[in-house]
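Trainee: show me how the following folds:
(one chain, ligands or ions: 1)
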Amino acid sequence: MSAVSKNEQSGFTVAIDGPAAAGKGTISRAVAAHFGFAHLDTGLLYRAVGAMGGDPVAAARRLSPEDLARPDLRSAEAGQAASKVAVIPEVRAALVDFQRSFARRMGGAVLDGRDIGTVICPEADVKLFVTASPEVRAARRLKELRDSGFATDFATVLADVRARDARDAGRATAPMVMAEGAVLLDTSAMAIDEAVAAAIAAVAARR
Ligand code: DC
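Mentor: Model prediction:
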């Protein structure tokens, strides 16, 4: 995907990483809305590459913004497919420039994913690592999936969460790990509005 031109760049960057279903998406959207920043859900890039089929490296190289609008990208299958293509170093490399360019856009940006604070934007102004226990995350993801009309059960979703954690944290290239200098936000015992408030406070403290 084409990058933002150099003269549009210079903003404030918030990097939000963490495992699947920890609340990153909700928190990132709320932080972006609160501060008027743009938001990029980088998981969508990997989900789109996984959903395109064929050679994942070629898919990552020809990815366009329209590919991110596919309606099937939120399913559990798309999440697993994303986690599998995300292991491939050439897939990750093909997506770096777009993410870095987005991160530096004027007006500020929030990016959420697994390697934003470690690899994509190690120089981010604020880094958060949002997590929660696997059971809490599975329960939240189950509700989300059911609300979106996907039929599934707790045991299946918990197994999916654990499999993705193992693959995302265990891969050799850009594994999911808390970045140096990141603020840890464990949302296991938090309501979502408390987690959002804590994230906004962490960003406000560094502005
Ligand atoms: O955040 P998500 O659940 O939509 O991400 C789907 C998968 O994509 C995740 O299991 C691993 C991969 N991913 C990644 O490797 N790096 C990122 N920055 C974002 C997602």
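
Trainee: count of neighbours near G79?
Mentor: G79: 23 surrounding residues under other C-beta atoms under 10 Å. Quick note: C-beta positions are derived from backbone N, CA and C, even for glycine.

Trainee: which elements pack onto the strand or helix carrying it?
Mentor: Under the criterion of DSSP states H and E, G79 resides in helix 76-85. Contact analysis of helix 76-85 by 3 or more C-beta pairs under 8 Å, 6 or more residues apart in numbering; DSSP states H and E lists helix 43-52, helix 56-61, helix 154-170 as its packing neighbours.

Trainee: okay, those helices in CSV with distance to the ligand next?
Mentor: Output for the helices and strands packed on helix 76-85, formatted as CSV (distance: least, C-beta to the nearest ligand atom, whole Å):
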stretch, distance to the ligand
helix 43-52, 2
helix 56-61, 12
helix 154-170, 5
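
Trainee: let's have those in TSV, adding mean neighbour count and mean pLDDT.
Mentor: TSV is the format used below for these (neighbours: other C-beta atoms under 10 Å; pLDDT from 0 to 100):
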stretch	mean neighbour count	mean pLDDT
helix 43-52	24	97
helix 56-61	18	98
helix 154-170	16	96
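
Trainee: ok, which of those helices comes nearest D125?
Mentor: With C-beta to C-beta as the measure, helix 43-52 is the member of those nearest D125 (21.5 Å).

Trainee: ok, back up a step: ok, the helix holding G79 near the ligand or not?
Mentor: Yes - using C-beta under 6 Å from any ligand atom, helix 76-85 reaches the ligand at G79, A82, S83.

Trainee: beyond that helix, next helix or strand please.
Mentor: Taking DSSP H and E, what comes next after helix 76-85 is helix 89-103.

Trainee: what's the helix or strand just after that following helix in contact with?
Mentor: The helix or strand immediately downstream of helix 89-103 is strand 109-113, counting by DSSP H and E. With contacts defined as C-beta atoms under 8 Å, 6 or more residues apart in numbering, strand 109-113 is touched by 11-18, 24-25, 27-28, 31-32, 37-43, 99, 102-103, 120-121.

Trainee: same thing but at 6 Å, please
Mentor: If you take C-beta atoms under 6 Å, 6 or more residues apart in numbering as the criterion, strand 109-113 is touched by 11, 13-16, 24, 28, 31-32, 37-43, 102-103.

Trainee: narrow these to those in strands?
Mentor: If you go by DSSP state E, the contacts of strand 109-113 have T13, V14, A15, I16, A38, H39, L40, D41 in strands.

Trainee: with distance to E180 added, can I get those in TSV?
Mentor: Converted to TSV, the ones in strands among the contacts of strand 109-113 look like this (distance: C-beta to C-beta, whole Å):
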residue	distance to E180
T13	15
V14	16
A15	12
I16	15
A38	25
H39	23
L40	22
D41	23
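
Trainee: quick one: which of the residues you listed has the most company?
Mentor: Going by other C-beta under 10 Å, I16 tops the ones in strands among the contacts of strand 109-113 with 32 neighbours.

Trainee: give the contact list for it.
Mentor: I16 touches K24, S28, D112, L128, counting by C-beta under 6 Å, 6+ apart.

Trainee: cutoff 10 Å now
Mentor: 22-25, 27-28, 31-32, 39, 41-42, 110-113, 116-117, 124, 126-130, 182-183, 185, 199, 203 (C-beta atoms under 10 Å, 6 or more residues apart in numbering).
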